[in-house]
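*Asks:* sharing a model prediction with you, sequence too.
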Amino acid sequence: MLLVVEQFLNGLQFGLLLFLLAAGLTLVFGIMDLVNLAHGSLYMMGAYFAATFVAWTGSFVLGGVMALGATLLLGIVLEFTALRHLYGRDHLDHVLATFGLILFFNEAVRLIWGPAGLALPLPSWLAFPVTILPGIQYPAYRLAIIVVALLVALLLYLGVMRTRIGMLIRAGASNREMIGALGINIKLLYTLVFGLGAALAGLAGLMQAPILTVQIGMGENILILAFVVIVIGGIGSIRGAFIAAIMIGLIDTMGRAFLPNLLRQVLNSASASTAAPALSSMLIYLLMAIVLVARPEGLFPANRR
């Protein structure tokens, strides 16, 4: 029971971090029709900014706020200087250009921070276990990630569904051409959406930084899962990204935790431990394949929210 609850919370936490990364990615893809492979680099930059600013200020909260602002500004500058020239071009051009940005950010990090990773210590006021059920404790920092991510998801939902800018974002995800024809400043909308996506990716990076080592290329593997999230949830759909991210987080975490014991019934211990992570990943891609066959537009396509 203890292990099940703990791994469920770990899966929920991982899924919510995936949502923060995928939410910006699905809006950028859905509204701007831009395949941004460099989105994981913004996640990495958020982690590096957080490690740097927390070390400078000595405050996790202040450093985190500064890292969010820096990632937001970086996203706006990146959209204005580089990505704006890709609108209306073939997706292959997007892939090639944003892959080049991945290489650029990796080398820039290597030049500025060096090849070795950085460590961001847990804030002392969150470095203790919390009793969530009798006999079951869970790290306070991981609980804080869940709470913050849920709050951000709620605010993002309200912003997208209840505000004028959100109305434009939803309309842009459903019909970009019509938004432009109505006289909306589409370039400004694109900049705002990309900046929001960058800030969400930076938030995911800075919250993950105390758990994992901050290192070059840390956003590349998780970016693959973020693309799986938006394919399953539906391109341009915040609700779809949220539900799909939770599903993938739980499948990945629960699979890695419990599949080794099941596989030991038919394999030796070493083989079971090696095969479990691969099988967990296979289950995620199997889910994506099933969704693509049953609902090619995703579970919650943008035009049906």
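*Replies:* In hand now; what should we look at?
*Asks:* now residue 260: how far from residue 281?
*Replies:* Residue 260 sits 14 Å away from residue 281 when distances are taken as Cβ to Cβ, to the nearest Å. Heads up, the C-betas are built off the backbone N, CA and C, glycines and all.
*Asks:* same question but for residue 291, I mixed them up
*Replies:* Taken as Cβ to Cβ, the span from residue 291 to residue 281 is 16 Å.
*Asks:* so which of those two has more stuff around it?
*Replies:* More crowded of residue 291 and residue 281, by other Cβ atoms under 10 Å: residue 291, with 20 against 17.
*Asks:* check contacts around that one.
*Replies:* 231, 232, 298, 299 (Cβ atoms under 8 Å, 6 or more residues apart in numbering).
*Asks:* find the helix or strand that it is a member of.
*Replies:* helix 269-294 (DSSP states H and E).
*Asks:* in stretch 149-162, what counts as buried?
*Replies:* Within stretch 149-162, the residues scored as buried using 16 or more other Cβ atoms under 10 Å are 149, 152, 153, 156, 160.
*Asks:* give me the contacts around that stretch.
*Replies:* Here stretch 149-162 makes contact (Cβ under 8 Å, 6+ apart) with 13, 16-17, 19-20, 23, 165-166, 169-170, 200, 203, 207, 238-239, 242.
*Asks:* which parts of stretch 57-76 are buried?
*Replies:* Residues of stretch 57-76 classed as buried by neighbour count (16+ other Cβ under 10 Å): 60, 63, 64, 66, 67, 68, 70, 71, 72, 74, 75, 76.
*Asks:* try stretch 198-218
*Replies:* For stretch 198-218, by 16+ other Cβ under 10 Å, it's 198-210, 214, 216, 218.
*Asks:* in helices, which of these appear?
*Replies:* When those are checked against helices (DSSP state H), the matches are 198, 199, 200, 201, 202, 203, 204, 205, 206, 207, 208, 218.
*Asks:* how about those, which pair is most distant?
*Replies:* The most widely separated members of these are 199 and 218, with 17.8 Å between them, by Cβ to Cβ.
*Asks:* nearest to residue 126, of the buried residues of stretch 198-218?
*Replies:* Each of the buried residues of stretch 198-218 was checked against residue 126 using Cβ to Cβ; the closest is residue 210, at 8.7 Å.
*Asks:* relative to residue 51, how far out is the closest one?
*Replies:* For residue 210, the distance to residue 51 - Cβ to Cβ - is 9 Å.
*Asks:* what sits in contact with each of these two?
*Replies:* Shared contacts of residue 210 and residue 51, defined by Cβ under 8 Å, 6+ apart, comprise residue 120.
*Asks:* what's the neighbour count on residue 88?
*Replies:* Neighbour count of residue 88, defined by other Cβ under 10 Å: 7.
*Asks:* what's it sitting at in phi/psi?
*Replies:* With angles defined as degrees, to the nearest 10, residue 88 sits at phi 80, psi 0.
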